Each structure stands twice: as structure tokens, then as C-alpha cells.
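Enquirer: build me a model:
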Amino acid sequence: MKFPVALLLACCGACATAAGNISSAPLFAATLFDLDNKTVAFAAYKGKPLIVNFWARWCAPCRVEIPELVDIQTRHQARGIEVIGVNLESDAPPVRDFAKAYDVNYTVLLTRDKGIALMQALGNPKAGLPYTVVVNRKGEIVASKLGAMNKAELEAATEAALK
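Expert: Okay, the predicted model is just below:
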């Protein structure tokens with residue numbers, strides 16, 4: 001499997017970014033694909049507290065972060081939190097197999113060729129991975145981070161989304 005060198009290098013980025021005035025409009029305007037290759041309008045998630053995590057199978061920090069995201073989904077689902085894994089790849093079957101192998105219990109959507117532009121529109125100009133955007137019920141981005149989030153950061157992100 002070949003990936004652009006710029007993406008491979010960006011995968012190791014680990015700087016945090018503040019949400020600032022980042023608009024969630026590009027996120028809710030996006031049409032992505034589920035693991036059965038069916039289209040999904042992201043607008044369907046409007047009004048829900050979200051942790052949106054951009055990732056790829058080949059990204060080592062992304063793999064480290066997945067168990068923490070699984071834990072957040074498990075422990076906070078009853079409170080309304082939704083973790084959405086937004087994968088930058090195009091081919092659903094290997095991503096579906098990967099998600100099964102990692103016991104991913106949250107929604108995984110594929111961006112196909114729209115992932116880099118979407119991340120850039122959401123405050124990640126270098127399109128590094130992993131990249132997480134936290135959205136509250138009002139649809140406002142309340143936090144974002146380039147780089148893997150640890151348990152404490154994910155807990156804080158969850159609370160910010162639920163406020």
C-alpha cells in the first residue's frame with residue numbers, strides 16, 4: 001500500500017490546537033461513506049455532542065488512540081456522546097476489517113478523496129493525523145487537537161462536548 005510522503009510525515013504530528021473560531025459548517029456539509037460504501041450525510045449528526053477523530057490505518061499514533069476512543073464511547077454513550085472515526089481511505093473492506101480487529105465500537109466513516117480538504121477546513125492546515133475535533137450540541141467546535149489524545153484529554157473533550 002502506498003501513501004503520499006507528506007501524509008506519512010504529517011501522521012507523526014503532535015501539536016495541540018485551540019478551537020478558536022473554527023466553523024463546523026464544512027463538517028456538517030460533508031457527505032461521507034460508511035463501511036458498506038453507502039453515503040452518509042454528516043448533517044445527520046447535528047445536535048449531538050461529538051468527538052470526531054480523523055485517522056488512517058497506517059498511522060501509528062492513530063492506532064494507539066483507538067482503545068481510548070472505544071473506552072470513551074463505551075462509558076459516555078448513555079450521556080449522548082458520539083465518537084465518529086473519520087478515515088481518510090477509499091476502500092471500505094480493509095478499514096472494516098481493521099475496525100473489527102481493533103474492536104471499534106463507534107461509527108467509522110470514510111472520506112475517500114475529501115479528507116485532506118475537510119481537515120484543512122476544520123483547522124488542520126497541514127492535514128496531520130490523528131486530528132480530533134470536539135463538537136457540542138449547538139454544533140460549535142469547542143476543542144481540536146492535532147496528535148493522539150490521551151485518556152485525560154479525551155475525558156476533558158467529552159465534558160466540553162456535553163456542556
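Enquirer: mind listing the strands for this structure?
Expert: 16-17, 31-33, 39-41, 50-55, 82-87, 107-110, 131-135, 141-146 (DSSP state E).
Enquirer: turn the ones you listed into CSV, including mean neighbour count, mean pLDDT and distance to residue 67.
Expert: Yep, even glycine has a C-beta here, placed from its N, CA and C like the rest. Formatted as CSV, the strands of the chain follow (neighbours: other C-beta atoms under 10 Å; pLDDT from 0 to 100; distance: least, C-beta to C-beta, whole Å):
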stretch, mean neighbour count, mean pLDDT, distance to residue 67
strand 16-17, 14, 42, 20
strand 31-33, 18, 97, 23
strand 39-41, 12, 97, 24
strand 50-55, 26, 98, 12
strand 82-87, 24, 98, 12
strand 107-110, 21, 98, 15
strand 131-135, 28, 97, 15
strand 141-146, 22, 95, 17
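Enquirer: for residue 23, which of the ones you listed is the nearest?
Expert: Of all the strands of the chain, it is strand 141-146 that lies closest to residue 23, at 7.4 Å by C-beta to C-beta.
Enquirer: which neighbours does that closest one have in its sheet, and in what orientation?
Expert: strand 16-17 (antiparallel), strand 131-135 (antiparallel) (DSSP bridges).
Enquirer: turn the ones you listed into JSON lines, including distance to residue 147.
Expert: Output for the strands paired with strand 141-146, formatted as JSON lines (distance: least, C-beta to C-beta, whole Å):
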{"stretch": "strand 16-17", "distance to residue 147": "7"}
{"stretch": "strand 131-135", "distance to residue 147": "8"}
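Enquirer: among those, which is nearest residue 43?
Expert: strand 131-135 (12.3 Å).
Enquirer: would you mind getting the angle between that closest one and strand 50-55?
Expert: Between the axes of strand 131-135 and strand 50-55, defined by axes from the mean of the first three to the mean of the last three C-alpha atoms, to 10 degrees, the angle is 170 degrees.
Enquirer: can you give me the helices in this structure?
Expert: 5-10, 25-29, 60-76, 92-101, 115-121, 151-162 (DSSP state H).
Enquirer: could the ones you listed go into CSV alongside mean pLDDT and distance to residue 83?
Expert: As requested, the helices of the chain are exported to CSV (pLDDT from 0 to 100; distance: least, C-beta to C-beta, whole Å):
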stretch, mean pLDDT, distance to residue 83
helix 5-10, 33, 22
helix 25-29, 96, 14
helix 60-76, 97, 4
helix 92-101, 97, 12
helix 115-121, 96, 17
helix 151-162, 95, 9
